[in-house]
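Colleague: sequence first, then the predicted structure:
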Amino acid sequence: MILRGLAVLLICLNLGVAAWWALHEPPQPLAPPARDDGVGSLVLLGEAEAPPPPDAAELGAVPVPLPAEPSCLSLGPFGTPAELRAAMAALTPGVARIQFREVPATELRGYRVFLPAAGSREAALATARQLAAKGVRDYYVVTAGAQENTVSLGLFRDLGNANNRREELATLGFQAVLEPRTEDAAQWWIDIAAEPGFQWQPLLPRATGIEARPVACE
């Protein structure tokens, strides 16, 4: 009898829970509190949109006002992008207007000493044999390219060493040519507008070889 009573009790409890869920209404979400016109609502940090990145105009904005009669200068050359960025960062707070420009340039890479091109490869090889007979060892015959059939006598970083090599060959009876070795490169200049007498040098203490050229203010 006891077991039968317990079974009846459990059945009644299950029926009661089922009836409660069938008749129960989920609670409605609370309405947001009223707010005065013109007052923004709170936004969760995760819901807020990230601010847009500043555009080029904002990045180039300078707090210094443009003088009535500005002094405009072009500073350079800067040989690397890193040097350019450092100079721009140092100069920007003190000037009214600033921009940079890239210009093509020719960079000196050293000096080349050589004997002019012979009429043929056989003639160039004959000259090489004459050099060897005089005890010259550091040379080679160029067999292709713009310098074909010349006899290279060395590449030098220092002009003095290149001159010494040319004079050494002259004493042996060879008229060697010395010419600079150059290659195309890029340089950067910074154009600024500032107060007359603006002192830019203290702002660029590590910059070497930088000059200031007066330019027309546009």
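Modeller: It's in. Numbers count the residues shown, from 1 in each chain.
Colleague: got the phi and psi for the residue most central in space within the chain?
Modeller: For the chain, the residue nearest the mean C-alpha position is residue 81 (4.0 Å; Cα atoms, centre = their mean). Note on residue 81: its backbone torsions stand at phi -60, psi -30 [degrees, to the nearest 10].
Colleague: distance of it from residue 100?
Modeller: From residue 81 over to residue 100 the distance is 10 Å, taken as Cβ to Cβ, to the nearest Å. C-beta coordinates here come from the backbone N, C-alpha and C atoms, glycine included.
Colleague: where does pLDDT dip in this protein?
Modeller: Within the chain, the stretches with pLDDT under 70 are 1-63.
Colleague: contacting residues for residue 155?
Modeller: Contacts for residue 155 (Cβ atoms under 8 Å, 6 or more residues apart in numbering) come out as 110, 111, 112, 181.
Colleague: and the residue nearest to the second one when sequence neighbours are not counted, how many neighbours does it have?
Modeller: Yep, that's residue 111 we're talking about. Leaving aside its chain neighbours, residue 111 sits nearest to residue 162 (3.8 Å; criterion: Cβ to Cβ, 6 or more residues apart in numbering). Neighbours of residue 162 under the rule other Cβ atoms under 10 Å: 23.
Colleague: so which residues of the chain form strands?
Modeller: Ranges of strands in the chain, per DSSP state E, are 71-78, 97-115, 140-141, 151-156, 177-194, 211-214.
Colleague: before we move on, the earlier item: out of the contacts of residue 155, which are buried?
Modeller: Among the contacts of residue 155, those classed as buried by 16 or more other Cβ atoms under 10 Å are 111, 112.
Colleague: now for the contacts of residue 155: which two are most distant?
Modeller: With distances taken as Cβ to Cβ, the most widely separated pair in the contacts of residue 155 is 110 and 112, at 7.4 Å.
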